[in-house]
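A.B. asks: Model the structure of this input:
(one chain, ligands or ions: 1)
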Amino acid sequence: MIKKPARVFFFVFLVVMMVSNRLSHGQDDSVMLKRFFTEALVKGQSYENLRYLCKNIGPRLSGSANAAEAVTWTENIMKSYKLDSVWLQPVYVPKWVRGKKESAKIISSSGKTDVNVTALGNSVGTGKKGIQGNIVEFGSLEEMKKHGDEVAGKIVFLNEPMDLSLYSTGRMYGKTGNTRYIGPQEAGKLGAVGVVVRSLTTSMDDFPHTGATDYGTETNRIPAVAISTNDAVILSREIAQDPNLEFYFRTNCEMLGEVLSYNVIGQINGSETPDEYIVFGGHLDSWDLAEGAHDDGAGIVHSLEAMRLLKDNYRPRRSIRAVMFINEENGLAGGTEYAKMAQQNKEKHVVAIESDGGGFLPMGFGINASDEVIKRVQSWSPLFKPYRLFVFEKGYGGADIGPLNDLGVPLLGLEPSDQRYFDMHHSAKDVFEIVNRRELELGCASMASMVYLIDRYGL
Ligand SMILES: [Zn+2]
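C.D. replies: The predicted structure is shown next:
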């Protein structure tokens, strides 16, 4: 039996504990975030994971042997974290292959000049002989349409630079992206025989940047390449000097149909409402020209590491899922298939978060959701202040989670600083060496923190 003064003391102690527990919620959160950030920076595994993905596996174009190896590797890593379940979701993906390296030349009356090109993803090849013909330049798709009668039988050069006046390079890409994505389709409609697109990059160099193109329903499918920005300047100058200038290019790519691949999914079951899901991830496939370090190896290791940090430090109320989507780059089959499954199984997704902006210094999250959701996320911004994340505003979520948004799921996208992203995007420059270890690790902790806060407070 407890003596009376001791009983009073015990009662007072209980009341104090209850009150302090109430008051310390925000403090709990800051302690948890501190734990995520400290662990990611001091004992993190993301950088070594990225090294393996880039150096031991390498480029991971959908349908390739490397992509299959990346699926198995990711599955094994998540299994090693002792999650409640790890599984592969079957997805049929297009298998497009580049074949031998491309070649291209400017042919003028004074001679031939080699230039740097690369085939656009999903485009048809030229055949062994390549194609040669007069080349006509336009500054935009609109300009080409306006002069549609000058296109038939020619190679079209779409020379639209990124709009450097914009702060966000993502916006620049959004503004110019259609030149590559539907340019060949539109030029085909006008009877062109080939297309050369200026690389979508902020840098001036000799590297061509690939990316998907889409012929849609157009039956005149014409070969299409991207040309480096330095060579775009040279080509434009030569065209201005010689209206009869010719251009030659040869590509060896082809579409080989569909093959079976997988999304890789890991889950921690929720302790209170297991039927509610918080999903986050990146895309496992990459272009074939480099190691896909920033795009999107970073998003993959961000997500793996966030899952590990959550598993080791927190028991979630809701079910938490990390998804390594396949085929973002040239088809979006993984994201589409995931949303289909979520709909068929009537799964309630609270939010979907994607990291597909590279492994650069995280600045915050773009939010594609209602004003109410945006306000809620903004209310957590003081917790991120010690880590210098301050962007919590209406924005973009991510391509792979886009199909979930069509089902009404709010989206968040990790927003790293994007000023250097399009220097290397989709080019041979996207290699492990250009990723900074600490910047990458801060992204992992940012993802884990956001998942934690959404789990704790809902959206
Ligand atoms: Zn990407």
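A.B. asks: Spatially central residue in this protein, please.
C.D. replies: Closest to where the C-alpha atoms of the chain average out (C-alpha atoms, centre = their mean) is D356, at 2.9 Å.
A.B. asks: tell me the secondary structure for it?
C.D. replies: Classification of D356 by DSSP: H, G, I helix; E, B strand; the rest coil places it in coil.
A.B. asks: so L383 sits in a strand?
C.D. replies: No - checked against three-state DSSP, L383 lies outside a strand; its state is helix.
A.B. asks: OK, contacts around the closest residue to V233 other than its chain neighbours?
C.D. replies: Nearest residue to V233 in three dimensions, chain neighbours excluded: M204, at 7.7 Å (C-beta to C-beta, 6 or more residues apart in numbering). Glycine gets a C-beta too; all of them are placed from N, C-alpha and C. Contact analysis of M204 by C-beta atoms under 8 Å, 6 or more residues apart in numbering lists 229-230, 233.
A.B. asks: Give me the pLDDT value at M204.
C.D. replies: For M204, the model assigns a pLDDT of 97.
A.B. asks: Specify the local secondary structure of it.
C.D. replies: Judged by three-state DSSP, the three-state class of M204 is coil.
A.B. asks: what does T126 give?
C.D. replies: Assigned by three-state DSSP, the conformation of T126 is coil.
A.B. asks: How about the contacts made by it?
C.D. replies: Applying C-beta under 8 Å, 6+ apart, the residues near T126 are 194, 223, 249-252.
A.B. asks: N263 looks like it's in a helix, true?
C.D. replies: No - with three-state DSSP as the criterion, N263 is assigned strand and is not in a helix.
A.B. asks: quick one: what helix or strand has the spatially closest residue to it that is not a sequence neighbour in it?
C.D. replies: Excluding the flanking residues, the one nearest N263 by C-beta to C-beta, 6+ apart is Q89, at 4.2 Å. According to DSSP states H and E, Q89 maps onto strand 85-97.
A.B. asks: Can I get that strand in CSV, CA atoms only?
C.D. replies: Extracted C-alpha coordinates of strand 85-97, given in CSV (Å, rounded to 0.1, in the frame of the first residue of the first chain):
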residue,chain,number,x,y,z
SER,A,85,5.3,-7.5,-47.1
VAL,A,86,7.3,-7.1,-50.3
TRP,A,87,5.9,-8.1,-53.7
LEU,A,88,6.2,-7.6,-57.4
GLN,A,89,3.3,-6.2,-59.4
PRO,A,90,3.3,-7.5,-63.0
VAL,A,91,3.4,-4.7,-65.6
TYR,A,92,3.7,-5.1,-69.4
VAL,A,93,6.2,-2.5,-70.7
PRO,A,94,7.3,-1.4,-74.2
LYS,A,95,10.7,-2.8,-75.2
TRP,A,96,12.4,-0.1,-77.3
VAL,A,97,16.1,-0.5,-78.2
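A.B. asks: What mean pLDDT does the helix or strand following it get?
C.D. replies: Sequence-wise, the next helix or strand downstream of strand 85-97 (DSSP H and E) is strand 103-108. Strand 103-108 carries an average pLDDT of 98.
A.B. asks: which other residues reach the following helix or strand past strand 103-108?
C.D. replies: Following strand 103-108 in sequence order, the next helix or strand is strand 111-114 (DSSP H and E). Contact with strand 111-114 is made by 103-106, 234, 238, 248, as judged by C-beta under 8 Å, 6+ apart.
A.B. asks: redo that, cut-off 6 Å
C.D. replies: By C-beta atoms under 6 Å, 6 or more residues apart in numbering, the residues outside strand 111-114 that reach it are 105-106.
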